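Student: just coords:
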């Protein structure tokens, strides 16, 4: 487990909520994606839009993503989204997101992403490449 | 396995895609949610906004949701989103979504939802209630 | 007035609506943008993602956009979004969108867009270029 | 002109940008709507989701909205969204939004909204009601 944790406080907007008055599910994936980029910024000191150039990658595309909804999150709720890398592998990594309200977990999310480059022979082809050791080190992982 | 399958063809819009030119992940959860409501319309003959009144429920809220991304989906791609209930339980059910491009699976998704009512004593409390047998029957499940 | 009109029927999704049960305003701009690309496809026979390559442009960026809300549009409503170019100028054009429900206008929108290229000297600079006469002709304008 | 101005700094997310690498237009309307609610919170001390109850209204629905795009806004850009009420009328008001990057105006937006209640005879009917003088006073208008 990489101990580095990024936290961001958000207030839920009207436009993020559905007719039941609770956050529409796709909006959590926007929050998760935003938090992952910001976590890299906080851990590496590289701003999100400079990450690809700084490390010679095309991006950190998702392989899979999931969310579990434990309690409803409503318009005006103040939530803390905390995110950390739960595992770094050779060319992919897992991110865990926790979203509590008043100390109780309301939503948890998980992502698997690839540290990806475009194939030199076929730029349409995207594949994983080795995650630099100093990237992993900055997240505090062994 | 409930054999009823709902299919919908979509053309990917500019506004659904990110700077890498591929569909931003949260957009797939919009497509999945839309397809689940439309599947109920097709199976039960009840329009989405009339589903709650027709069955005395507050909605079909998500308990968890996931997606796996196998191939990139791009601006202008024509995709077929097919959805079916993979399992009905007492008061919850699972939906599977498949999104192929040119016959190859690009994205698969899964949802677990609750057939939900508000508690009479505390309308803030939401809980599962028994899914009517004739709802299940219309999906063709045994 | 270019007489070519593109029409598309949509059913309003749960995820497009806010806690008041009506479509959240930003969602109309997604519908407008989608319709403009589809209108070019229908008028020119060029698929949206091939428009830039076919005409050597970087895109058709918005200069300004507006919407007027006359009647609420709700979850499950069936709407007809009709779009046409109301004026072609040298390197820019105006699009009008009408969104009636049951024959009554509910929302109207307007866009001004540029037929744009990137500067050869500075790719960060984007500017208008002459709209080809045969593009204008295909919309039926004089 | 009501002198009260609400300001919020935002960093543009990956998921807000389109394949041209710039913010997709509908995303600005999400930012505008969010800022209007937060401006009321800051001016009145009433949290967004409590505004309707505190003032006996059903909401502050949009009558019309517009945006002008002067400069592209990109992934990673840090923007300051400032919002103020430019005019209060009997039962409606105008909001102006300015979004500069590095001191240069990139996007400006405008909204006209109604201080609205539901008709007692027909809850489907929504109409304007008088904006309380103390609401207007808290924005510093004469």
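Tutor: Yes, it's here. All values reported here derive from a predicted model rather than from experimental measurement.

Student: anything in the longest helix anywhere in chain A near chain D?
Tutor: Identified as the longest helix of chain A according to DSSP state H is helix A:25-44. Yes: using CB under 8 Å from any CB of the partner chain, helix A:25-44 comes into contact with chain D via A:30, A:33, A:34, A:37, A:38. In this view, the C-beta of every residue, glycine as well, is placed from N, C-alpha and C.

Student: For chain C, see how far away the fourth one is.
Tutor: Read it as residue A:37. Relative to chain C, residue A:37 is positioned 22 Å away (CB to the nearest CB, to the nearest Å).

Student: angle of the longest helix of chain A against helix B:25-44?
Tutor: Per axes from the mean of the first three to the mean of the last three CA atoms, to 10 degrees, the angle that helix A:25-44 makes with helix B:25-44 is 160 degrees.

Student: Please pull up the helix or strand immediately following helix A:25-44.
Tutor: Using DSSP states H and E, the helix or strand that follows helix A:25-44 in sequence is helix A:51-55.

Student: what's the average pLDDT for that next one?
Tutor: Helix A:51-55 shows a mean pLDDT of 92.

Student: Other residues contacting it?
Tutor: A:37, A:40, A:41, A:44, A:46, A:57, A:58, A:59, A:60, A:115, A:132, A:135 (CB atoms under 8 Å, 6 or more residues apart in numbering or on different chains).

Student: Which of the residues you listed sits closest to chain B?
Tutor: residue A:59 (5.6 Å; CB to the nearest CB).

Student: what sits against that closest one?
Tutor: A:51, A:52, A:116, B:20.

Student: Is chain B within reach of stretch A:16-29?
Tutor: Yes: Stretch A:16-29 comes into contact with chain B (CB under 8 Å from any CB), by way of A:20, A:22, A:24, A:25, A:26, A:27, A:29.

Student: Chain A against chain D: which residues are in contact?
Tutor: Near chain D, when you scan chain A using CB under 8 Å from any CB, you find A:11, A:13-15, A:30, A:33-34, A:37-38, A:47-50, A:74-76.

Student: hmm, back to that, out of the residues of helix A:25-44 next to chain D, who's the most crowded?
Tutor: residue A:33 (25 neighbours; other CB atoms under 10 Å in any protein chain shown).

Student: returning to what we had before: off-centre distance for the longest helix of chain A?
Tutor: 4 Å (CA atoms, centre = their mean, to the nearest Å).

Student: do stretch A:20-31 as well
Tutor: Worked out by CA atoms, centre = their mean, stretch A:20-31 lies 15 Å from the chain centre.

Student: So for chain A, the centremost residue is which one?
Tutor: For chain A, residue A:36 is the residue whose C-alpha lies nearest the centre (CA atoms, centre = their mean; 2.7 Å).

Student: Counting by contacts, list what the longest helix of chain A packs against.
Tutor: Judged by 3 or more CB pairs under 8 Å, 6 or more residues apart in numbering or on different chains; DSSP states H and E, helix A:25-44 is in contact with strand A:5-11, helix A:51-55, strand A:62-69, strand A:78-88, strand A:92-101, strand A:104-114, helix A:133-138, helix B:25-44.

Student: looking at those, which has the lowest confidence?
Tutor: Taking the mean pLDDT of these, helix A:51-55 comes last: a mean of 92.

Student: How about it, which residues are buried there?
Tutor: Neighbour-count burial for helix A:51-55 flags A:51, A:52, A:55 (criterion: 16 or more other CB atoms under 10 Å in any protein chain shown).

Student: Residue A:43 versus the first one, what's the distance?
Tutor: Spelled out, it's residue A:51. 11 Å (CB to CB, to the nearest Å).

Student: Also the last one?
Tutor: Spatial separation of residue A:55 from residue A:43 under the definition CB to CB is 13 Å.

Student: Residue A:68 now?
Tutor: 25 Å.

Student: can you check residue A:101 too?
Tutor: For residue A:101 relative to residue A:43 (CB to CB), the value is 25 Å.

Student: mind checking which helix or strand the most far-flung residue of chain A relative to its centre is in?
Tutor: Relative to the mean C-alpha coordinate of chain A, counting by CA atoms, centre = their mean, the farthest residue is residue A:121 (29.7 Å). For residue A:121, there is no enclosing helix or strand under DSSP H and E.

Student: show me what contacts residue A:46?
Tutor: A:40, A:54, A:55.

Student: and if we set it to 10 Å?
Tutor: A:40, A:52, A:53, A:54, A:55, A:135, A:138 (CB atoms under 10 Å, 6 or more residues apart in numbering or on different chains).

Student: now swap in residue A:26 and tell me
Tutor: Contacts of residue A:26 (CB under 10 Å, 6+ apart): A:16, A:18, A:67, B:24-33, B:65, C:15.

Student: so which of the residues you listed comes closest to chain D?
Tutor: residue B:24 (4.9 Å).

Student: So what's the residue count around the residue lying closest to that closest one once chain neighbours are set aside?
Tutor: Nearest non-adjacent residue to residue B:24, counting by CB to CB, 6 or more residues apart in numbering or on different chains: residue B:18, 4.4 Å away. Neighbour count for residue B:18, taken as other CB under 10 Å: 25.

Student: Surely residue B:18 and residue D:23 touch.
Tutor: No: using CB atoms under 10 Å, residue B:18 makes no contact with residue D:23, being 11.5 Å away.

Student: which residues are in contact with both of those two?
Tutor: Joint contacts of residue B:18 and residue D:23 (CB under 10 Å, 6+ apart) are D:13, D:16, D:17, D:75.

Student: Many thanks, I have nothing further to ask.
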